[in-house]
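Novice: sequence-free structure coming up:
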Ligand SMILES: NC(=O)c1ccc[n+]([C@@H]2O[C@H](COP(=O)([O-])OP(=O)(O)OC[C@H]3O[C@@H](n4cnc5c(N)ncnc54)[C@H](OP(=O)(O)O)[C@@H]3O)[C@@H](O)[C@H]2O)c1
């Protein structure tokens with residue numbers, strides 16, 4: 001059995017570690033977005049498959065017998081395609097999809113459907129901290145009346161795309177105390193977050209609650225049909241039962 005593990009998340013790192021310890025035949029796959037990703041400890045390929053045809057070929061050539069999709073909840077294109085292709089070719093597929101975050105007492109969240117909707121919430125001159133990564137930065141081009149800080153893992157390759165912003169380099173995990181210090185020192189007015197769910201990256205929301213900072217919470221894209229696991233343990237149980 002060769003399991004294809006679609007990675008790119010902290011949960012995928014945890015899965016790879018346990019699957020390696022269990023001695024399973026695993027091929028992990030990273031999109032190649034992060035320049036120096038964490039070593040997963042299993043055989044790992046990098047970069048896109050080359051579209052749907054390339055993915056079908058890879059399934060065939062690598063003799064993949066099951067696919068565990070541990071990509072990010074906002075990486076919906078890869079999940080939709082993988083679920084559909086696996087269904088068509090009869091390869092078992094499971095998506096690890098962590099539950100979305102829910103607001104707690106003290107949170108000041110405004111739910112938005114899209115990145116472009118954040119601009120209407122922000123007053124002129126306010127400082128907006130984008131914890132949404134660089135890939136979707138262009139969707140905030142209508143925030144020209146605000147100041148922007150965009151956190152990303154890798155050092156920037158070029159200047160900030162808008163005159164009213166800057167990059168901040170940081171690699172997770174980010175402890176709550178560090179997030180509190182950062183948000184306080186920057187004096188941010190809005191934190192913009194994708195509703196990714198999960199424990200590790202929830203620290204920014206805890207920090208925002210402690211400081212009374214408003215959060216623009218971007219809703220998840222639709223997820224594919226198909227089997228889901230909500231925890232690493234449940235995903236491992238699915239693999240064990242194959
Ligand atoms: N979107 C986010 O907010 C976010 C946050 C944290 C981490 N990530 C991680 O970053 C990666 C890319 O995210 P995305 O939102 O750009 O994905 P996406 O829009 O769903 O997929 C775009 C393309 O990236 C390639 N791809 C995505 N994940 C891949 C993987 N694990 N292995 C090989 N190719 C992959 C595929 O290229 P081909 O068509 O050429 O196969 C896919 O068509 C994902 O692995 C995801 O887990 C995303």
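Specialist: All right, it came through fine. These numbers come from a predicted model, not from an experiment. Residues are numbered from 1 along each chain as shown.
Novice: ok, the residue nearest the centre of the chain to residue 103 distance?
Specialist: The centre of the chain sits closest to residue 72, judged by C-alpha atoms, centre = their mean, with a distance of 3.8 Å. If you measure residue 72 against residue 103 using C-beta to C-beta, to the nearest Å, the figure is 21 Å. Placement of C-beta: from N, CA and C, glycine included.
Novice: swap in residue 240?
Specialist: 35 Å.
Novice: same check on residue 139?
Specialist: 23 Å.
Novice: near residue 240, how many residues? Count them for me, please.
Specialist: 10 (other C-beta atoms under 10 Å).
Novice: return the distance of it relative to residue 67.
Specialist: Note on residue 240: its distance to residue 67, by C-beta to C-beta, is 16 Å.
Novice: same thing with residue 217?
Specialist: Residue 217 is 30 Å from residue 67, by C-beta to C-beta.
Novice: which of the two has more neighbours?
Specialist: residue 67 (22 against 19).
Novice: and that one, backbone torsions?
Specialist: Here is the backbone geometry of residue 67 (degrees, to the nearest 10): phi -130, psi 120.
Novice: I'd guessed it sits against residue 6; true?
Specialist: Yes. With contact defined as C-beta atoms under 8 Å, residue 67 counts as touching residue 6 (6.8 Å).
Novice: pull up the overlap in contacts between those two.
Specialist: Common neighbours of residue 67 and residue 6 are listed as residue 82 (criterion: C-beta atoms under 8 Å, 6 or more residues apart in numbering).
Novice: could you pull out the buried residues of the longest helix seen in the chain?
Specialist: In the chain, assigned by DSSP state H, the helix with the most residues is helix 76-89. Neighbour counts over helix 76-89 (16 or more other C-beta atoms under 10 Å) mark 78-83, 85-86 as buried.
Novice: what about the ligand: which of these touch it?
Specialist: Among the buried residues of helix 76-89, the residues within reach of the ligand (C-beta under 6 Å from any ligand atom) are residue 78.
Novice: in CSV: the buried residues of helix 76-89, plus pLDDT and distance to residue 164.
Specialist: Converted to CSV, those look like this (pLDDT from 0 to 100; distance: C-beta to C-beta, whole Å):
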residue, pLDDT, distance to residue 164
78, 98, 32
79, 98, 34
80, 97, 34
81, 98, 36
82, 98, 38
83, 98, 39
85, 98, 42
86, 98, 44
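Novice: next, format the buried residues of helix 76-89 as CSV and append distance to residue 163.
Specialist: Below are the buried residues of helix 76-89 laid out as CSV (distance: C-beta to C-beta, whole Å):
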residue, distance to residue 163
78, 33
79, 36
80, 36
81, 37
82, 39
83, 41
85, 43
86, 45
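Novice: ok so, going back, does the residue nearest to the centre of the chain touch residue 10 like I think?
Specialist: No. Between residue 72 and residue 10 there is no contact under C-beta under 8 Å: 9.8 Å.
Novice: residue 153 and residue 203: what is the separation?
Specialist: With the distance defined as C-beta to C-beta, residue 153 ends up 16 Å from residue 203.
Novice: neighbour count for the two, which is higher?
Specialist: Between residue 153 and residue 203, residue 203 has the larger neighbour count (other C-beta under 10 Å), namely 18 against 15.
Novice: can you name the residues of this protein that neighbour the ligand?
Specialist: For the chain, the contact set with the ligand under C-beta under 6 Å from any ligand atom comprises 6-9, 29-31, 33, 48-51, 54-55, 71-72, 74-78, 133, 135, 194.
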